[in-house]
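>>> Next comes the sequence, and after it the predicted model I'd like to discuss.
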Amino acid sequence: MHLSKYITDISKSALKKRGFADNKIFDEWMNIVGDNYKDICKPIKLSNTQQNEGGLLTIEVKSALSTEMNMQRLQLIEKINNYFGYNAISAIKINIVL
């Protein structure tokens with residue numbers, strides 16, 4: 001068995017604990033958000049909300065860009081949901097990092 005298999009199993013377990021039951025959003029973040037967002041934010045947790053609604057995505061955002069990211073929250077939700085083809089995300093929580 002290759003080391004990559006162990007790493008994948010370990011990372012899946014860790015991601016599941018952080019709310020990434022399906023880690024596609026984590027694995028494909030750069031493809032999902034594109035060049036505009038990839039350098040200023042990253043996903044850190046995905047929480048379930050109501051059964052028929054999308055999840056709550058928590059992202060880390062650099063302090064200097066937090067106001068801009070806050071204003072672009074709806075565009076980011078739309079971008080993510082368009083990528084997956086359904087309402088995967090209904091809200092975004094921003095954690096500011098220095």
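Noted; the coordinates are in hand. Predicted model only: the values in this text are computed from it and were never measured.

>>> What pairs with the one helix or strand residue 92 maps to, parallel or antiparallel?
Taking DSSP states H and E as the criterion, residue 92 maps to strand 89-97. Applying DSSP bridges, strand 89-97 is found paired with strand 55-62 (parallel).

>>> quick one: buried residues of the partner strand?
For strand 55-62, the neighbour count (16 or more other Cβ atoms under 10 Å) marks 55-61 as buried. No exception for glycine: its C-beta is placed from N, CA and C like everyone else's.

>>> Low-confidence ranges, the chain, go.
Applying pLDDT under 70 to the chain picks out residues 1-22, 50-52.

>>> now the helices for it?
Assigned by DSSP state H, the chain shows helices spanning 3-17, 24-27, 29-33, 35-38, 66-71, 73-84.

>>> So what touches the third one?
Outside of helix 29-33, the residues that reach it under the criterion Cβ atoms under 8 Å, 6 or more residues apart in numbering are 25, 38, 41-43, 76, 79-80, 83.

>>> For the protein, which residue occupies the most central location?
residue 43 (3.4 Å; Cα atoms, centre = their mean).
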